[in-house]
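Participant: Have a look at this prediction, sequence included:
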Amino acid sequence: MTTNRETYVVQRNGLEATASELSPLAFAGYAHFTAMQVRGGKIRGLDLHLERLRFASRELFGQAIADDKIRRYLRKAVEAGPADLSLLATLYSPAGEFTVAGPEVIPEVLVRTAPPSSGPQGPLALATFEYERELPAVKHVGEVAKTYYLRKAVEQGYDDAAFLDRAGRLSEGTIWNLAFWDGAAVVWPQAEMLLGTTMGIVRRQLQRLGIPQRTQAVTLSDLSSLTGAVVMNSWTPGIAVNRIGPVSLPEAPEFLALLHEAYQAEPLESP
């Protein structure tokens, strides 16, 4: 099935997906995925996306698809569209939910492309909610809480939501990783969370650039000692956050520029 027959595709195992193949997935929620931005037909952090899919497939299905096969499916979808696009790769078991498939049941790959995105402009105000994701290390589908708490945040006059664990530590946003700035070093929150691919790109490029960074517990009471905060995901390496719950934060343009510099330093790779 093509979303736009000239540019964007929905493919199952490298072939155009049919409605009959997709219909069971519309009623299912046991799957995992990765999202990426393609620029000039190439991808930043491709190794991190492949690592994420391998890990999650072993967690959910007990087996993983070879990287070269995943790359072939990604490449076919990328070649079918414009040079710049958004791409979502979802892996699921054809055995469906509520069953334990044997090793003979190989996960299948659904790839969807869409127009490119760079996220909202910001700065963003984030409401806070106590919430801990199930299997936080896996980027899995069916997470109703992410949209639920986004709606609750908007109802309260915020732009989006950030999560606090049971110990009161900030962990992540609805679809975002969080990062902070103390004026000299990048501070990553210490909590159970999904480690984003953009976060991985930025961390290794900051290390290459010699920029100090550390991981520490960050609570609401710690925010007053920090000089900037951002959210990041596959859309962007940084959107300024000017409020988290009741605490206002400076926008720290130098912090944003540093994150974008680190991200741009990551080489693009063909799938």
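Facilitator: Sure, I can see it.

Participant: pLDDT below threshold where in the protein?
Facilitator: Under the criterion pLDDT under 70, the flagged ranges of the chain are 1-6.

Participant: Moving C-terminal from the lengthiest helix in it, which element do we reach first?
Facilitator: Secondary structure assigned by DSSP state H gives helix 46-61 as the longest helix of the chain. Tracing the chain C-terminally past helix 46-61 and defining elements by DSSP states H and E, one meets helix 67-79 next.

Participant: Can you show me the CA trace of that following helix as CSV?
Facilitator: C-alpha atoms of helix 67-79 as CSV (Å, rounded to 0.1, in the frame of the first residue of the first chain):
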residue,chain,number,x,y,z
ASP,A,67,21.2,-6.3,9.9
ASP,A,68,21.8,-6.7,6.2
LYS,A,69,18.2,-7.8,5.6
ILE,A,70,16.9,-4.8,7.7
ARG,A,71,19.2,-2.5,5.6
ARG,A,72,17.8,-3.9,2.4
TYR,A,73,14.3,-3.2,3.5
LEU,A,74,15.2,0.4,4.5
ARG,A,75,17.1,1.0,1.3
LYS,A,76,14.2,-0.1,-0.8
ALA,A,77,11.8,2.3,1.0
VAL,A,78,14.3,5.2,0.8
GLU,A,79,15.0,4.7,-2.9
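
Participant: what sits up against it?
Facilitator: Residues outside helix 67-79 that contact it (CB atoms under 8 Å, 6 or more residues apart in numbering) are 9, 11, 13-14, 38, 41, 43, 46, 50, 53-54, 85, 87, 89, 109, 111-113, 270-271. (Glycine included, C-beta is placed from N, CA and C.)

Participant: packing partners for the longest helix of the chain?
Facilitator: Based on contacts counted as 3 or more CB pairs under 8 Å, 6 or more residues apart in numbering; DSSP states H and E, the elements that helix 46-61 packs against are strand 31-39, helix 67-79, strand 85-92, helix 197-209.

Participant: The helix or strand following the last one packs against which elements?
Facilitator: The helix or strand immediately downstream of helix 197-209 is strand 213-216, counting by DSSP H and E. The helices and strands touching strand 213-216, judged by 3+ CB pairs under 8 Å, 6+ apart, are strand 186-189, helix 197-209.

Participant: got the angle between the longest one and helix 46-61?
Facilitator: Angle, helix 197-209 to helix 46-61, by axes from the mean of the first three to the mean of the last three CA atoms, to 10 degrees: 140 degrees.

Participant: Buried residues in helix 197-209, which are they?
Facilitator: Neighbour counts using 16 or more other CB atoms under 10 Å place 197-203, 205-206 of helix 197-209 among the buried residues.

Participant: Export those to JSON lines and append columns for distance to Gly119.
Facilitator: Conversion of these to JSON lines gives the following (distance: CB to CB, whole Å):
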{"residue": "Thr197", "distance to Gly119": "14"}
{"residue": "Thr198", "distance to Gly119": "10"}
{"residue": "Met199", "distance to Gly119": "14"}
{"residue": "Gly200", "distance to Gly119": "18"}
{"residue": "Ile201", "distance to Gly119": "15"}
{"residue": "Val202", "distance to Gly119": "14"}
{"residue": "Arg203", "distance to Gly119": "19"}
{"residue": "Gln205", "distance to Gly119": "19"}
{"residue": "Leu206", "distance to Gly119": "20"}
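
Participant: thinking again about what came up before, okay, the helices and strands packed on strand 213-216 in CSV with distance to Asp165 next?
Facilitator: Rendered in CSV, the data for the helices and strands packed on strand 213-216 read as follows (distance: least, CB to CB, whole Å):
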stretch, distance to Asp165
strand 186-189, 10
helix 197-209, 18
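
Participant: got a list of contacts for the longest helix of the chain?
Facilitator: Outside of helix 46-61, the residues that reach it under the criterion CB under 8 Å, 6+ apart are 30-32, 34, 36, 43, 63-65, 67, 70-71, 89, 91, 93, 101, 105, 107, 135, 137-140, 197, 200-201, 269, 271.

Participant: thinking Tyr158 is in contact with Thr128, fair?
Facilitator: No. Distance between Tyr158 and Thr128: 9.1 Å, which falls outside the contact criterion (CB atoms under 8 Å).
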